[in-house]
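S.K.: Predicted model follows, preceded by the sequence.
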Amino acid sequence: MYAASLRFEDRKRYMRYAVYSSCFGAVLQMGISESSLFIIYASRLGADQFLSLMTTSVIPLLKLFLLIPFAYIMEKTGLKGMLIPSYFVGMAGMTAASVSGFFPDRALMLFVGGIFLYAVSISVHSAGWFALQRYIIPPGERGAHIGRLRYSWQITVSLFLLIASLVVDENSPLVRMQVIIFIGTLLIIGRIVFISRIPERPPRAHTPPLWVMLHAAWNNKPLLRMSLFMAGVNFLIASTVPVGFAFLKYELALP
């Protein structure tokens with residue numbers, strides 16, 4: 001289903017669903033990569049500095065290796081058929097991470113395993129999310145829509161993390177952190193509900209081999225230049241926030 005074939009009212013409704021799903025889903029995703037909550041939680045479970053920081057790196061690392069394969073599979077099989085199950089996998093992973101504090105002997109294993117499962121689910125999400133929106137948003141409306149979407153989820157995440165920072169510090173009971181992480185996990189249900197209401201185009205009748213599509217992308221010079229630029233930007237800045245938090249915690253000993 002392409003945007004041009006949708007009625008105006010339907011298109012606007014699907015765009016709202018996309019915004020709502022981002023607001024629900026981004027809370028936990030940004031909580032891992034853009035706050036110190038998981039660094040503190042991991043350290044309370046007995047993780048050393050390296051492992052605490054690695055929890056913030058698992059998502060971008062797995063996306064690096066899994067994004068293209070997942071995108072190709074979804075091109076052949078359809079988007080929501082992988083997206084929706086992946087969100088349940090992510091919920092299972094983060095539930096394991098949130099309850100890991102109740103099992104001291106297996107806490108780190110449950111926590112790391114849960115983060116890994118969640119990172120796999122985010123790799124699927126990243127491969128299919130913008131592709132799903134492409135078919136409900138006309139090209140002329142994409143800039144304004146992405147702007148509204150980003151401001152909406154960023155405000156939502158900021159409010160959630162502000163509330164979390166008011167009730168959690170290094171001396172807080174472990175269960176308090178677990179509750180906050182579990183609340184973020186439950187919010188993924190909102191992402192599932194609204195994405196399930198967004199239509200998608202049928203899978204291609206014939207999908208070219210992966211190497212053919214990679215070759216086409218390589219020969220698309222504007223796309224290639226933009227991809228290399230974004231790779232450089234992400235390589236340089238992606239870890240600055242968690243590294244900064246770790247510096248404040250471990251070197252400056254700030255609360």
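M.R.: Yep, that arrived. What you see is a predicted model; the values in this text were computed from it and never measured.

S.K.: got a list of contacts for stretch 64-77?
M.R.: Residues from elsewhere that reach stretch 64-77, judged by C-beta atoms under 8 Å, 6 or more residues apart in numbering: 81-83, 120, 123-124, 126-128, 131, 203-204, 207, 210, 213-214. Placement of C-beta: from N, CA and C, glycine included.

S.K.: how far does it sit from the chain's center?
M.R.: Counting by C-alpha atoms, centre = their mean, to the nearest Å, stretch 64-77 is centred 16 Å from the centre of its parent chain.

S.K.: ok, back up a step: closest one to Thr185 out of the contacts of stretch 64-77, please.
M.R.: Using C-beta to C-beta, Val120 comes nearest to Thr185 of the contacts of stretch 64-77, at 15.2 Å.

S.K.: would you list every one of the helices in the stretch 151-255 of the chain?
M.R.: 174-186, 188-195, 210-219, 221-237, 240-246 (DSSP state H, counting those that start in this stretch).

S.K.: now those helices in CSV, with mean pLDDT and distance to Leu37?
M.R.: As requested, the helices of the stretch 151-255 of the chain are exported to CSV (pLDDT from 0 to 100; distance: least, C-beta to C-beta, whole Å):
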stretch, mean pLDDT, distance to Leu37
helix 174-186, 91, 7
helix 188-195, 96, 16
helix 210-219, 90, 37
helix 221-237, 89, 20
helix 240-246, 77, 9
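
S.K.: Of those, give the one that comes closest to Ala97.
M.R.: Each of these has some distance to Ala97 by C-beta to C-beta; the shortest is helix 174-186, at 6.5 Å.

S.K.: Which strands and helices lie in contact with the closest one?
M.R.: Judged by 3 or more C-beta pairs under 8 Å, 6 or more residues apart in numbering; DSSP states H and E, helix 174-186 is in contact with helix 8-33, helix 37-44, helix 80-99, helix 142-167.

S.K.: residues near Phe8, how many?
M.R.: Neighbourhood size, Phe8 [other C-beta atoms under 10 Å]: 7.

S.K.: Would you mind measuring from it to Ala231?
M.R.: Phe8 sits 37 Å away from Ala231, taking C-beta to C-beta, to the nearest Å as the criterion.

S.K.: and what of Pro85?
M.R.: Going from Pro85 to Ala231 by C-beta to C-beta gives 29 Å.

S.K.: same thing with Thr77?
M.R.: From Thr77 across to Ala231, the span is 27 Å (C-beta to C-beta).

S.K.: biggest helix in the protein by residues?
M.R.: Ranked by residue count and defined by DSSP state H, the top helix of the chain is helix 107-134.

S.K.: Next, the angle helix 8-33 makes with that one.
M.R.: For helix 107-134 against helix 8-33, the angle by axes from the mean of the first three to the mean of the last three C-alpha atoms, to 10 degrees is 160 degrees.

S.K.: can you list the weak-confidence ranges in the stretch 1-150 of the chain?
M.R.: Flagging of the stretch 1-150 of the chain using pLDDT under 70 yields the residue ranges 1-4.
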